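Student: structure here, sequence nowhere to be found:
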Ligand SMILES: Nc1nc2c(c(=O)[nH]1)N[C@@H](CN(C=O)c1ccc(C(=O)N[C@@H](CCC(=O)O)C(=O)O)cc1)CN2
Ligand SMILES: NCC(=O)N[C@@H]1O[C@H](COP(=O)([O-])[O-])[C@@H](O)[C@H]1O
């Protein structure tokens, strides 16, 4: 049985989908063991409580050595795989070199990735670039933003009247499928 940790800075939208997929047997041999956020106000923490999942807040503003705390919490929980679900901080090499870390990015990498490319900013850049396609990239996480090996991508056509808000909503729905399939591939 693989122990999964979810790292999220805000809603952790995919947590609900993952919890359902595990409960329905769509995702097997995996346990949602831990939720970690850098944000004390993150709604993902409320979801962790609802699902009775152990949660930690590791905030650099009040934690002397957050990277060391993060490593220790993950090791103590015997985590096998880490999913970044809208986590807004860089994962340090001590983590990327000792755990399998995957991320869901709300665009078709390598375009629209890197520093500054998070949340609504990504969709605003895609719309501004007048792209015809966008999508989700599930990728392995290395020491740089959005440069890890791509596991899978799912795309969608951008509508003529698409806005950053409408695109974000559609991408988040696509992401739920992409994250499940990405984890299934990691568990093979
Ligand atoms: N080592 C890695 N860490 C993280 C990765 C990664 O690929 N390698 N992915 C990100 C998630 N992400 C895109 O998918 C991403 C998140 C945040 C940023 C960013 O520019 N962040 C800002 C800070 C924003 C904030 O504090 O709210 C910054 O670094 O200045 C870029 C990409 C998660 N970690
Ligand atoms: N570059 C990382 C990034 O932008 N991740 C994106 O943040 C959103 C978090 O939404 P949520 O807080 O509602 O789950 C998600 O759409 C995720 O793809």
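Tutor: Noted; the coordinates are in hand. Keep in mind that what you see is a predicted model, and the values were worked out from it rather than measured. Ligands and ions are numbered 1, 2, ... in the order given.

Student: residue of this structure closest to ligand 2, please.
Tutor: residue 86 (2.5 Å; CB to the nearest ligand atom). Any C-beta I mention is one placed from the backbone N, CA and C, and that applies to glycine too.

Student: thought that residue was touching residue 13?
Tutor: Yes: under the criterion of CB atoms under 8 Å, residue 86 makes contact with residue 13 at 6.9 Å.

Student: more neighbours: which of the two?
Tutor: residue 86 (24 against 19; other CB atoms under 10 Å).

Student: sec struct for the more buried one, please.
Tutor: coil (DSSP: H, G, I helix; E, B strand; the rest coil).

Student: next one: it from residue 10, what distance?
Tutor: Remark: distance between residue 86 and residue 10 (CB to CB, to the nearest Å) = 5 Å.

Student: okay, and the common contacts of the two?
Tutor: Counting by CB atoms under 8 Å, 6 or more residues apart in numbering, the common neighbours of residue 86 and residue 10 are residue 119.

Student: and stretch 13-32, how far from the chain's centre?
Tutor: Between the centre of stretch 13-32 and the centre of its chain there are 14 Å (CA atoms, centre = their mean, to the nearest Å).

Student: and it with ligand 2, contact?
Tutor: Yes: Stretch 13-32 comes into contact with ligand 2 (CB under 6 Å from any ligand atom), by way of residue 13.

Student: in which helix or strand would I find the residue located most distally from the centre of the chain?
Tutor: Note on the chain: the largest separation between a C-alpha and the mean C-alpha position, by CA atoms, centre = their mean, falls on residue 160 (28.3 Å). Secondary structure assignment for residue 160, by DSSP states H and E: no helix or strand.

Student: before we move on, what SS does the residue nearest to residue 138 when sequence neighbours are not counted have?
Tutor: Nearest residue to residue 138 in three dimensions, chain neighbours excluded: residue 182, at 3.3 Å (CB to CB, 6 or more residues apart in numbering). What three-state DSSP gives for residue 182 is helix.

Student: and stretch 119-133, what's its mean pLDDT?
Tutor: For stretch 119-133, the per-residue pLDDT values average out at 98.

Student: list the buried residues of that stretch.
Tutor: 122-127, 131 (16 or more other CB atoms under 10 Å).
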